[in-house]
Structures are given as structure tokens and as C-alpha cells.
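K.L.:
got a sequence here, can you model it:
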Amino acid sequence: MAYANITKPSLKMNTVLYTGDGSTQAVTGVGFQPDITWIKSRSDTYNHHTFDAVRGVTKSISPNQAVAEITISGLTTFGADGFTVGTDSQCNNNASTYASWNFKANGAGSSNSDGSITSTVSTDSDTGISIVKYTGAGTTSTVGHGLGVAPEMIWVKRLDSSNGWIVWNDWLQGNNRYLVLNTTAAQATNSTFFQETPPTDSVFYVGNDDGVNGNTLDYIAYCFARKKGFLAQGQFRGTGSTDGAFIYTGFKPRFVIIKVMWASSGPDFANHWFMFDSQLNGYNNDNEYLKCDTDEAISSGTNRIDILSNGFKCRTTNDSVNSSSGQYTYLAIAEEPLVANVGSSIPTTAR
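P.N.:
Take a look at the predicted model:
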């Protein structure tokens, strides 16, 4: 039985759905002041937009695009119970529907000198998520992440250029391998991105590639570490059956991202970064989903998972999340802990 220190995960990460009005509107019901807000239209082919308190409001980077940071009248204010969106249609088109994923960190952050590069770090130690902003040195370096434990997944985006989102995780076939958040590509090889060295409990390593550490260039990194009862990540092998792999997380997931990394037999193959959320329409075996790497609207096709009280189960024969030769990585965040530490020993229920 997995007991959790966070008894109400929605106070650290929450999903809020809203309908645009084409004007300025406050989106409330988050339950806290978010430090990362990720917005995607469910009804239209608009880009994903991610805003954070370290870079500041109106500064967007798009997870589905290899483009520089832009300033838009999308998210204009972080508020005590949510955020305000402006007139930009990508975040607030009249009558369009949107999903927002909101994460708690520690505001604008503070200086961190654990690495050879001084970074600005915003993190909440309960969640295992940190926002890291740094300026590259152009030579092999280390960057402080502030988590106190080694992250198992890191997303890095250069802010001033069309470089893609470089993703390291602990389950690729070697520390010289990487994924790209804004593409469907399988794992690729680059020995200079992360110096072929896994992160420690205080720093992550970057080489001299402009994608992660160009001289005087600015970067943002989102780092993720496992937290019992709140954040789980790892890998699983697909089965190719509708009675697919079951992945134990130790909590009822709210938010799940799945991506194929490599093939256990035959050539590696490409597919999307699939995003599932318990607040989207549909129920088990008919859950709607989005894709991190495209501007596509929401879909309720055959790339399905069941969201359960203690994890999730793949319910498709598709290569998307359950090829018999596919090795997949996932990131999951809790809606409810399986059993909280305080007050109750009653387990949560499935969706």
C-alpha cells in the first residue's frame, strides 16, 4: 500500500477546463496560484502554450514547436486561484474550449549556485518538479536543479531560437540518448547534450551543444523526480493486446504522458507523445487524449488507456502506447493518493 505525504494532490497540480470568450477572462478553480500553466485548445488546431513564473507572464514556449519564446496576450496574470487570459485566440478564442494544466512550484524562484552555471530555480519539494532557468556557458557545465534528489526526466528548451525541446530520461538506452518533445521521433544519439552523465541530487550535466548550453544563450528546463503518492515515471513494455500492460503508479492518475522510446525487436519506430487526463471527456476505454507534439484538437480514437485507482492500463493494439515490440516511457501525476498518510485508510476508487 503506497501512503502519500500529499493528501490532496489537486493543491499541487490541477486541471481546469474552460471556454474562451475572446476578451479578458479570469480562469479560476485551480485551488492555488500556479507557477507553470500549460494551455491547449481542445476544439481547435491551436498550438500548445506553456507559461511559468520564472520567465514571467505573457512569455510562451510551445511544446509542439521548435520555435523561440514569444510574447503573446495569452496568459497575462497568475492569480491566487488560477490565471487570467487575454485576447490571443490560441488561449482565449471566443467559444473555443481549452484544457489548462497547472503546477505548483515556488514563484519566480531564487538563485542556485550548486552547479558551475548559476541558475534560477523554482521548486516545491513536495512535488518533485522544478523550473530551472540558466544562461549557457558554451563548455561542459553543471546546472543546479534544486530538487534534492536526482531527476529522472528533464526537458530543456533554448529560448531565443528554433531549437527543439531536448528530453533526457533515465530509461533510454544509454546516457547519450535523447528524445524530442516536439516531434514523434524515436530515441536518437548525441554525446554532448548531457555529457553522457546522469544527474545527481543537486545538478544535471550539459555539454557544449547550442541546444542545451550555447555561450550566453538562455534556456529553461523542467525537471521531474519521483514522489510517492504524487508523481511517478518509468518505463514499460507493450503487449500488442487490448488486455495491455498495467502500470502501477501508487495513486489514481489525473495526468499521464506516454511516449515510445525504442523497439525491443526490429527497428525503432516513431509515434506521438500522448496526453491523457481524467478531467477530459470520456471514461475508461473511451478516454479522450491530446498529443504534446502536434496542434491537433482533442481525439477519442483508439489510442486508449484505462485510468485506475493505482495506475493505468493500456487498452489498444496500436503502436501509440502498446506495441508488442515497443518500450515506452511515461510521466504520471496523481488525482488522488491510493491511501493518504493522515485521517483515512480508505483506498481511492478507479475512474
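
K.L.:
CA atoms for contacts and neighbours, from now on please.
P.N.:
Fine.

K.L.:
what about stretch 246-256, average pLDDT?
P.N.:
Stretch 246-256 shows a mean pLDDT of 96.

K.L.:
same check on stretch 80-88?
P.N.:
In this model, stretch 80-88 has an average pLDDT of 98.

K.L.:
same question, stretch 324-332
P.N.:
For stretch 324-332, mean pLDDT rounds to 97.

K.L.:
buried residues in it, which are they?
P.N.:
Residues of stretch 324-332 classed as buried: 324-332 (neighbour count, 16 or more other C-alpha atoms under 10 Å).

K.L.:
show me where the stretch 251-351 of the chain has helices.
P.N.:
With helices called from DSSP state H, counting those that start in this stretch, the stretch 251-351 of the chain shows them at 319-322.

K.L.:
what distance separates stretch 92-108 from the middle of the whole chain?
P.N.:
Distance of stretch 92-108 from the chain centroid (C-alpha atoms, centre = their mean, to the nearest Å) equals 13 Å.

K.L.:
okay, how far is it across it, tip to tip?
P.N.:
In stretch 92-108, first residue to last residue: 25 Å (C-alpha to C-alpha, to the nearest Å).

K.L.:
need the CA coordinates for stretch 267-284. PDB is fine.
P.N.:
Backbone C-alpha positions of stretch 267-284 (Å, rounded to 0.1, in the frame of the first residue of the first chain) are rendered in PDB as follows:
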ATOM      1  CA  PRO A 267      13.900  -1.000 -35.900                       C
ATOM      2  CA  ASP A 268      12.900   1.800 -33.500                       C
ATOM      3  CA  PHE A 269       9.700   3.500 -34.600                       C
ATOM      4  CA  ALA A 270       8.200   6.900 -34.200                       C
ATOM      5  CA  ASN A 271       4.900   7.900 -32.600                       C
ATOM      6  CA  HIS A 272       3.400  10.800 -30.700                       C
ATOM      7  CA  TRP A 273       3.600  12.000 -27.100                       C
ATOM      8  CA  PHE A 274       0.100  11.000 -25.900                       C
ATOM      9  CA  MET A 275      -1.500  13.100 -23.200                       C
ATOM     10  CA  PHE A 276      -4.400  11.700 -21.000                       C
ATOM     11  CA  ASP A 277      -6.200  13.500 -18.300                       C
ATOM     12  CA  SER A 278      -9.100  12.300 -16.000                       C
ATOM     13  CA  GLN A 279     -10.800  15.700 -16.400                       C
ATOM     14  CA  LEU A 280     -11.200  15.300 -20.200                       C
ATOM     15  CA  ASN A 281     -14.400  13.800 -21.600                       C
ATOM     16  CA  GLY A 282     -14.900  10.100 -21.900                       C
ATOM     17  CA  TYR A 283     -14.500   7.200 -19.400                       C
ATOM     18  CA  ASN A 284     -12.300   4.100 -19.300                       C
END
